[in-house]
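**Q** Sequence plus predicted model, see below.
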Amino acid sequence: MIPPGVPVVSAAAMVAAEQAVFAAGASQIELMERAGTAVAREALRFANQRPVLVLAGPGNNGGDGYVAARLLEEAGLDVTVATMGDAKAGAAAHMRSRWEGRTVALEDAAPRAFLVDGLLGIGKARPFTPDLGDRLRTLVEGAQFVLSIDIPSGFDTDSGDDLGSPVTADRTVALGALKPVHCIGDGLAGCGAVMLADIGIPVESAWHSLARPALARPSARANKYSRGLVVVIEGEMPGAARLSACAAASGAGYVILAGDTASDGQPHAIVRRRVTTPETMTELLDDSRIGAVVVGPGLGRGQNARRMLDLALSSSHALILDGDALSLLGTDAGARLSDRRAPKVLTPHSGEFDRMFGPGGGSKIERTIAGAKESGAHIIHKGGDTVIAAPSGEVILGANGSPWLSTAGTGDVLAGTLATQLAGGALSHLEACEAAVWLHGRAAQLCGPAFHADDLIANLPRAIAECL
Ligand SMILES: NC(=O)C1=CN([C@@H]2O[C@H](COP(=O)(O)OP(=O)(O)OC[C@H]3O[C@@H](n4cnc5c(N)ncnc54)[C@H](OP(=O)(O)O)[C@@H]3O)[C@@H](O)[C@H]2O)[C@@H](O)CC1
Ligand SMILES: [K+]
């Protein structure tokens, strides 16, 4: 769980924002006092008179820890500080000197019920030595509650990678702004629930956490075309396209399922069109009322699939490219899509993303931005830590889903949900992506455990109702 709709910044951008506050006259000591106060406030909500162990590292994260220790002791709690290394000169050393309570070296510390983790923050973290790692594991496992200051110690701020840290927090108090580690990678599990503390540092960013969309009810003048005409192209595995079409039918005015389906079926509201040749596909797409086309779910990778994809790409409609369409594009994705002027959204999982844009080169956020810039497409890079990137470099980080989403067909449902939001025309492309990811995640939460993709579709109207 992360706070919705707030800026997310890299470690370097956070430091720059802090520097701007110092340049405007605030002192580092003042800022650290505010940070430690925010941590102590959260700790007091959960400590419930239990003995507290504050871990204080050598940097400013440790400085925040000393402030929190002082305030918790003043509030009447039984507090011990375990130190790792000497506090660095400046505010951290100042806060260390103001702590007069019980202090032990980290190596000698014994577990206590309430653990406040101020070992390492957004400075460049190195893996813990084996001895320290073992001691830390004992302290974490011996605690009933772990509260991390800013980030869980031993995680990389920008990639969210766990550097072999034994810390798993129940809660993390993010100071000033969210960082990538709160939203992506191993950090999602390592942070626990994330609280955001405003410590008076103005932060602006092109990256934000996912927020619930504001969706409009249909106007009194609405008709099936004004609410969006969605076309879903069927292929070798028709069930996938049908899931997309059914999801699109939650909100779109008109949905056409185009393919080799001789029989019609449920729901009857979805119009079946027999489209098996380039001629019938061209005829279908020659309709300016179409708001969005979904191509890829269950499409197949044979010659016919390739032909259908090419025709969809050469149309002027907004395209959602998913599943087999992404595999067919492969390493040509950037070159082929950047020439296409009409809107396009790619919805790869990590395997499909790597096949198109390569596996290396930075964090999931940086790689998704690079893919969006290269292809000129919006990209929804799926996973437990979905990253949405626009070619402009804007990013939405969405972790509102459910681990139960990891089942076949849920991606097809996302593609259809997205088509509806794009075809409606009321939202920008980035907003449509954000709305689709939010609705999809919320529908999954409403399903509870052990659902299948059809259940997800059944819950989309309830998720939409929460956005009106
Ligand atoms: N800027 C501000 O005014 C404010 C900042 N705030 C707070 O400051 C935090 C950032 O502080 P920071 O930049 O001092 O970095 P932080 O992560 O605490 O320490 C880095 C140190 O750890 C050391 N180290 C690394 N790995 C290690 C290991 N395995 N084992 C042992 N040592 C290891 C590393 O040593 P080195 O690698 O350089 O030898 C370096 O000395 C931020 O998250 C927030 O909590 C708030 O108070 C608001 C005001
Ligand atoms: K920490």
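**A** In hand now; what should we look at? Just so we're clear, the structure is a prediction, and the values are computed from it rather than from any experiment. Residues are numbered from 1 along each chain as shown. Ligands and ions are numbered 1, 2, ... in the order given.
**Q** Extract the residue ranges of the protein that are flagged as low pLDDT.
**A** 262-264 (pLDDT under 70).
**Q** ok, which residues in it are in contact with ligand 2?
**A** Residues of the chain found near ligand 2 (CB under 5 Å from the ion) are Asn61, Asp117, Ser148, Ile149, Ser153. Where you see a C-beta, it was placed from the backbone N, CA and C, and this is true even at glycine.
**Q** Not counting its neighbours along the chain, what's nearest Leu311?
**A** Spatial nearest neighbour of Leu311, chain neighbours left out: Met281 (4.8 Å); criterion: CB to CB, 6 or more residues apart in numbering.
**Q** which SS state does that neighbour fall under?
**A** Under DSSP: H, G, I helix; E, B strand; the rest coil, the three-state class of Met281 is helix.
**Q** Touching, it and Leu313? I think so.
**A** No: taking contacts as CB atoms under 8 Å, Met281 lies outside contact range of Leu313: 11.7 Å.
**Q** neighbour-wise, which of those two wins?
**A** Met281 (23 against 19; other CB atoms under 10 Å).
**Q** So the more buried one versus ligand 2, what's the distance?
**A** Distance, Met281 to ligand 2, using CB to the ion, to the nearest Å: 56 Å.
**Q** phi, psi of whichever residue of the stretch 201-350 of the chain sits closest to ligand 1?
**A** Using CB to the nearest ligand atom, Ile201 is the residue of the stretch 201-350 of the chain that sits closest to ligand 1, at 7.7 Å. Backbone torsions for Ile201, taken as degrees, to the nearest 10, come to phi -110, psi 110.
**Q** Spatially nearest residue to it, not counting backbone neighbours?
**A** Gly176 (4.1 Å).
**Q** separation between that neighbour and Met32?
**A** Gly176 sits at a distance of 12 Å from Met32 (criterion: CB to CB, to the nearest Å).
**Q** again, but for Val437
**A** 36 Å.
**Q** Kindly report the same for Pro3.
**A** Taking CB to CB, one finds Pro3 at 22 Å from Met32.
**Q** those helices in the stretch 351-468 of the chain, which residues are they?
**A** Using DSSP state H, counting those that start in this stretch, the helices of the stretch 351-468 of the chain run over 364-375, 410-424, 429-447, 453-465.
**Q** Among the ones you listed, show me which one is buried the most.
**A** Burial of these is given as mean neighbour count (mean count of other CB atoms under 10 Å); helix 410-424 ranks first at a mean of 29.
**Q** can you state the direction angle for that one and helix 429-447?
**A** 130 degrees (axes from the mean of the first three to the mean of the last three CA atoms, to 10 degrees).
**Q** got the contact list for the residue of the stretch 201-350 of the chain closest to ligand 1?
**A** Residues near Ile201 by CB atoms under 8 Å, 6 or more residues apart in numbering: Met14, Ala17, Glu18, Val21, Leu31, Gly176, Ala177.
**Q** Asp198 too?
**A** For Asp198, counting by CB under 8 Å, 6+ apart, the contacting residues are Ala38, Gly176.
**Q** for it, phi and psi?
**A** Note on Asp198: backbone dihedrals following degrees, to the nearest 10 are phi -80, psi 110.
**Q** element containing Leu328?
**A** Element membership of Leu328 [criterion: DSSP states H and E] is helix 324-329.
**Q** In PDB, please show the C-alpha coordinates belonging to that helix.
**A** This file holds the C-alpha atoms of helix 324-329, laid out as PDB (Å, rounded to 0.1, in the frame of the first residue of the first chain):
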ATOM      1  CA  ASP A 324       1.300 -11.900 -29.300                       C
ATOM      2  CA  ALA A 325       1.400  -8.500 -31.000                       C
ATOM      3  CA  LEU A 326       4.300  -7.500 -28.800                       C
ATOM      4  CA  SER A 327       6.100 -10.800 -29.500                       C
ATOM      5  CA  LEU A 328       5.600 -10.300 -33.200                       C
ATOM      6  CA  LEU A 329       7.000  -6.700 -33.000                       C
END
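**Q** next helix or strand past it?
**A** Using DSSP H and E, the helix or strand that follows helix 324-329 towards the C-terminus is helix 333-338.
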